[in-house]
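Q: Coordinates for the following, if possible.
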Amino acid sequence: MPDKPSSTTIPAEETPRPQPRRVPFLVGFVLVPGGVILAAVLALAIIRWLTFPAPAASQLAETIETRTGNTRWRAAMQLAAMLADPRQAPLRRDRRLAEQLAAVLRRELDSGGQDAALCVFLCRALGEFQVDASLPVLADAAASRTDQVQRSAVESLAILADRLGADDVWSSAGVRAAILQASRAPAPALRAAAAFTLGVVGNLEAQQRLESMLADQDVIVRYNAATALARAGNGRAVGVLLEMLAPDQAAALAGAPDEAARIRQRETIHANALEAVEQLLHANPAIAISAFEDALARLRQSRPPPTILARIQRLGELK
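A: Residues are numbered from 1 along each chain as shown. I've put the predicted structure just below:
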């Protein structure tokens, strides 16, 4: 992909006001493909866990490591439910358990990653922890041969960067190289995930790469790069944010399966764009709302749903 800077000329203020990052789960950021745990699998795991006494997490990890087939996946679903349970905070700080799962993922990767579904699960599970034990193996998974595994690893690194501190995660040379490599991968979905992760990191090196990604050929990659830069107060995001505010969004909706999906995706894009504009204006006082007024007027005239109209109205009040 071309590594050229965005053509947008509006400068970022030298010292923009920092804004708190909001990274609950990647699945909450709809423009990023994938999610933390498949909803159906998680629901089934919770039902099983509530119905029958659950083994200890270490036993489940051992089953995942040593067994195969349905036995392994039953253990994986139970462990997924435990990690997702808000009451299980101590479990997510269990370094030994994280190391145990990281060792299973390491073995799978070393053997060629034949069980891609298991590798994806392990990447997502490791992203739930609040310890850094998994950083080396997630960096290797992000550079594996399977796009889905790579994407899961990059998404988990984003969550870990938010939970552990971006500087601590980015200071790992392996992690840094893996994320930057993913941002140049042939698969657009992987580049889009990398853009989100770079936005969580948010430092100068990450922003410089994101600026180059504003010129990416894939529309979703551009959009992820722009919203990430907007959170950091970087004015180079303005050009692509204006693209996101366009009423049509034909290029971004090309892959939607039906009209209902197109409507949902269009609304999601516009909602993310409006939130990003608000974050940019708060973080960088050098950017004025006037840069977006024409685009907001066109969007308002396109008769968007009430939720979008309300967001437009809120932005208008920032004058």
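Q: Give me the distance from the helix or strand that contains residue 161 to the chain's centre.
A: Assigned by DSSP states H and E, residue 161 belongs to helix 147-164. Chain-centre distance of helix 147-164: 7 Å, with Cα atoms, centre = their mean, to the nearest Å.
Q: Also stretch 237-251?
A: 20 Å.
Q: That stretch: which residues count as buried?
A: By neighbour count on 16 or more other Cβ atoms under 10 Å, the buried set for stretch 237-251 is 237-246, 249. C-beta: built from backbone N, CA, C; applies to glycine.
Q: same deal with stretch 69-80?
A: Buried residues in stretch 69-80 (16+ other Cβ under 10 Å): 72-80.
Q: Over to stretch 117-131?
A: 118-131.
Q: Which ones among these lie within helices?
A: The helices, defined by DSSP state H, take in 118-127 from the buried residues of stretch 117-131.
Q: Need the contact partners of the longest helix along the chain.
A: Longest helix of the chain, by residue count under DSSP H: helix 259-283. With Cβ atoms under 8 Å, 6 or more residues apart in numbering as the test, helix 259-283 has contacts from 16-19, 29-31, 223, 226-227, 230-235, 237-238, 241, 244-245, 249, 252-253, 256, 287-289, 292, 299, 304-305, 307-308, 311-312, 314-315, 318.
Q: now with 7 Å?
A: Here helix 259-283 makes contact (Cβ atoms under 7 Å, 6 or more residues apart in numbering) with 16-17, 19, 30-31, 223, 226-227, 230-233, 237, 241, 244-245, 249, 252-253, 256, 287, 289, 292, 299, 304-305, 307-308, 311-312, 315, 318.
Q: Run the angle between the strand or helix carrying residue 315 and helix 259-283 for me.
A: Using DSSP H and E, the element containing residue 315 is helix 306-316. For helix 306-316 against helix 259-283, the angle by axes from the mean of the first three to the mean of the last three Cα atoms, to 10 degrees is 20 degrees.
Q: quick check: mean pLDDT across helix 306-316?
A: Averaged over helix 306-316, pLDDT sits at 93.
Q: so what does that helix touch, helix or strand wise?
A: helix 259-283, helix 293-301 (3 or more Cβ pairs under 7 Å, 6 or more residues apart in numbering; DSSP states H and E).
Q: mind checking how far the shortest one is from the chain centre?
A: Yep, that's helix 293-301 we're talking about. With Cα atoms, centre = their mean, you get 28 Å for helix 293-301.
Q: in that helix, what's buried?
A: Those would be 295-296, 299, for helix 293-301 by 16+ other Cβ under 10 Å.
Q: low-confidence ranges in the stretch 51-200 of the chain?
A: 51-54 (pLDDT under 70).
Q: hey, where'd the helices end up in it?
A: For the stretch 51-200 of the chain, the helices defined by DSSP state H, counting those that start in this stretch cover 57-66, 69-84, 89-92, 95-110, 116-127, 135-141, 147-164, 166-170, 173-182, 188-201.
Q: In helices, which of the contacts of helix 259-283 appear?
A: Among these, the members that lie in helices (by DSSP H) are 223, 226-227, 230-231, 241, 244-245, 299, 307-308, 311-312, 315.
Q: I'd like the ones in helices among the buried residues of stretch 117-131 as JSON lines, with distance to residue 267 appended.
A: Output for these, formatted as JSON lines (distance: Cβ to Cβ, whole Å):
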{"residue": "118", "distance to residue 267": "35"}
{"residue": "119", "distance to residue 267": "33"}
{"residue": "120", "distance to residue 267": "28"}
{"residue": "121", "distance to residue 267": "31"}
{"residue": "122", "distance to residue 267": "34"}
{"residue": "123", "distance to residue 267": "30"}
{"residue": "124", "distance to residue 267": "27"}
{"residue": "125", "distance to residue 267": "31"}
{"residue": "126", "distance to residue 267": "33"}
{"residue": "127", "distance to residue 267": "28"}
